[in-house]
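Visitor: When you get a sec, could you give me coordinates for this:
(one chain, ligands or ions: 1)
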Amino acid sequence: MPIVALAIALLGLALGSFAGVVAHRVVRGESPLGGRSRCDSCGAEIAARDNVPLASWLLLRGHCRSCGAAIPLRYPLVEAGLAAGFAAAYLAFGDGGAAEVALACAFLFVLAIVTLTDLERRIIPNVVVGPAAVAAVALTALADPGELPARLLAAAIAGGALLAVSLAYPRGMGMGDAKLAFVMGLFLGRAVAPALLVGFAAGALWGLMLITRHGAGARKRAVPFGPFLALGGVVGLFAGDRLVDWYLDSFFGG
Ligand SMILES: [Zn+2]
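Guide: Alright, predicted model coming up:
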């Protein structure tokens, strides 16, 4: 079992690196699958030895080998995060079968990509959320087909709620956030409720911190909301069902 967890962590590391490539290319309108990666600054092709997840970034101390341009810290952080997330998903959902683990890992992979695209360009691309929605439905059909109606309902409510917020407050939230909430509902079912609450709470805390540090000027700072939704998604994945049960027990139980 520890060997399997390690293998899944390595898969997470590799897919974390792939998430970085997909995010980097999609926001530039490139195909995520074409050719070798290049440095943004000097255009040099990145050699295989400089493309090893995590290790290359550490050895190069976060700089391009050719021109010395900085490689953002978010890339190795996402690689490490996905490695840890995949191992945690295996340990948490392994008893439920391979499809359960695949569903959780696919969700984490999607959250990794949209976190990167939203941080870099403030977009949550359709070419990511579209296939993510299809994958969520397909994997749920394999893992737990009886859950499908509940997942679709959760997706409609979550996506609809954020769509309403984005229409009322377009500067704070975009259509991309609403589409991400829809996908989160597909992956999480009822656990999307605590996920959204955590996302909103974290986003509000961050906003308060900015106002404390930068005063009224903070209002003009546009903060991408996707990473907060992604954080909520991680909490929803690993603790959401327990949080919903606790809530129902506390307020409606005996
Ligand atoms: Zn370079």
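Visitor: Distance of A216 relative to L210?
Guide: With the distance defined as C-beta to C-beta, to the nearest Å, A216 ends up 11 Å from L210. Quick note: C-beta positions are derived from backbone N, CA and C, even for glycine.
Visitor: Looking at the two, which is more packed in?
Guide: Neighbours were counted for A216 and for L210 using other C-beta atoms under 10 Å; L210 has more, 15 against 7.
Visitor: Which other helices and strands does the helix or strand hosting that one contact?
Guide: Secondary structure assignment for L210, by DSSP states H and E: helix 192-214. Other helices and strands packing on helix 192-214, by 3 or more C-beta pairs under 8 Å, 6 or more residues apart in numbering; DSSP states H and E, are helix 148-168, helix 175-188, helix 226-252.
Visitor: Now the first one: buried residues?
Guide: Spelled out, it's helix 148-168. R151, L152, A154, A155, I157, A158, G159, A161, L162, L163, V165, S166 (16 or more other C-beta atoms under 10 Å).
Visitor: among the helices and strands packed on helix 192-214, which is nearest G96?
Guide: Smallest distance to G96 across the helices and strands packed on helix 192-214 (C-beta to C-beta): 11.8 Å, for helix 226-252.
Visitor: between the closest one and helix 148-168, how big is the angle?
Guide: 120 degrees (axes from the mean of the first three to the mean of the last three C-alpha atoms, to 10 degrees).
Visitor: chain center to helix 226-252: distance?
Guide: Its chain's C-alpha centre and that of helix 226-252 lie 16 Å apart, by C-alpha atoms, centre = their mean, to the nearest Å.
Visitor: Count the neighbours of the nearest residue to N51 once chain neighbours are set aside for me.
Guide: Nearest residue to N51, sequence neighbours excluded (C-beta to C-beta, 6 or more residues apart in numbering): S37, at 6.7 Å. Around S37 sit 15 other residues, with neighbours defined as other C-beta under 10 Å.
Visitor: ok, back up a step: out of the helices and strands packed on helix 192-214, nearest to A132?
Guide: Of the helices and strands packed on helix 192-214, the one closest to A132 (C-beta to C-beta) turns out to be helix 175-188, at 4.9 Å.
Visitor: Please parse this structure into its domains.
Guide: 1-96, 122-254 (automatic domain parsing).
Visitor: any chance of the ones you listed in a markdown table, with mean pLDDT and distance to A112 too?
Guide: A markdown table is the format used below for those (pLDDT from 0 to 100; distance: least, C-beta to C-beta, whole Å):
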| stretch | mean pLDDT | distance to A112 |
| --- | --- | --- |
| domain 1-96 | 92 | 4 |
| domain 122-254 | 92 | 8 |
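Visitor: want to try a markdown table for the ones you listed, with distance to F109 as columns?
Guide: Putting the domains of the chain into a markdown table (distance: least, C-beta to C-beta, whole Å) gives the following:
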| stretch | distance to F109 |
| --- | --- |
| domain 1-96 | 5 |
| domain 122-254 | 9 |
